[in-house]
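Novice: Take this sequence and fold it.
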Amino acid sequence: MTATDTAVEPPDQITPDTAPTAQRGTGKLPLPAPVLVVSAVVVVGLGAWVEFWYLPFVAGLVAGAFSAWRRPGLLRAAMLPVVLGPVPWGVLLVIRALAGDTIGGTARTTAGLAGLPASAAVTIALTLLVALLQAATGHWLGRALLRATTTRHDQR
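Specialist: Residues are numbered from 1 along each chain as shown. The predicted structure is shown next:
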């Protein structure tokens, strides 16, 4: 190499796996994310109407897989279980109460049988907490499963 020759360094080899979070390409969804979230909320609400009580977990599982794939911010990832669990169940409870179902009486009876204070608010709060725990557990599991499969695939 002479004095006038310059060494050409190879370009940075940044792959999607080794890139910093800001440089990672986010996956593109066929529909905007708000449309998918609203659709999931409607599905969970309708599922609760026909007594598919496990749908917050399933919706959280799918949302967790999508959030591991798209890597949204912490606030959005934390908001998904709240929106997918207690919100549809709470809306359904309000609709059924307005339609004349005895939600309050049933909740007071359930609280009394469970040894809790005979208050409808306690039972309804625990019901919404169960929906939140289902959605949060599904969200966590969806993120963990997708990250475990991508990590195992990258190590090969």
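Novice: which other residues reach the helix-or-strand element of the chain with minimal mean pLDDT?
Specialist: In the chain, no helix or strand scores lower on mean pLDDT, DSSP states H and E than helix 74-84, which sits at a mean of 80. Outside helix 74-84, the residues within contact range by Cβ atoms under 8 Å, 6 or more residues apart in numbering are 37, 40-41, 44, 56, 59-60, 63-64, 67, 132, 135-136, 138-139, 143. C-beta: built from backbone N, CA, C; applies to glycine.
Novice: any idea how far Ala114 lies from Leu128?
Specialist: 16 Å (Cβ to Cβ, to the nearest Å).
Novice: Which one of the two is surrounded by more residues?
Specialist: Shown here are Ala114 and Leu128; by other Cβ atoms under 10 Å, Leu128 has more neighbours (17 against 12).
Novice: mind checking the SS state of the more buried one?
Specialist: helix (DSSP: H, G, I helix; E, B strand; the rest coil).
Novice: What residues does it make contact with?
Specialist: Leu128 neighbours (Cβ under 8 Å, 6+ apart): 85-86, 89-90.
Novice: Looking at these, which is nearest Arg71?
Specialist: If you rank the contacts of Leu128 by distance to Arg71 using Cβ to Cβ, Gly85 comes first, at 21.6 Å.
Novice: re earlier: of the contacts of helix 74-84, the lowest pLDDT goes to which?
Specialist: Among those, Ser67 carries the lowest pLDDT, at 80.
Novice: So that residue sits against Arg143, correct?
Specialist: Yes. Ser67 lies in contact with Arg143 (Cβ atoms under 8 Å); the separation is 6.1 Å.
Novice: out of the contacts of helix 74-84, what pair is the most spread apart?
Specialist: So, the contacts of helix 74-84 by Cβ to Cβ: farthest apart are Val41 and Arg143, at 19.4 Å.
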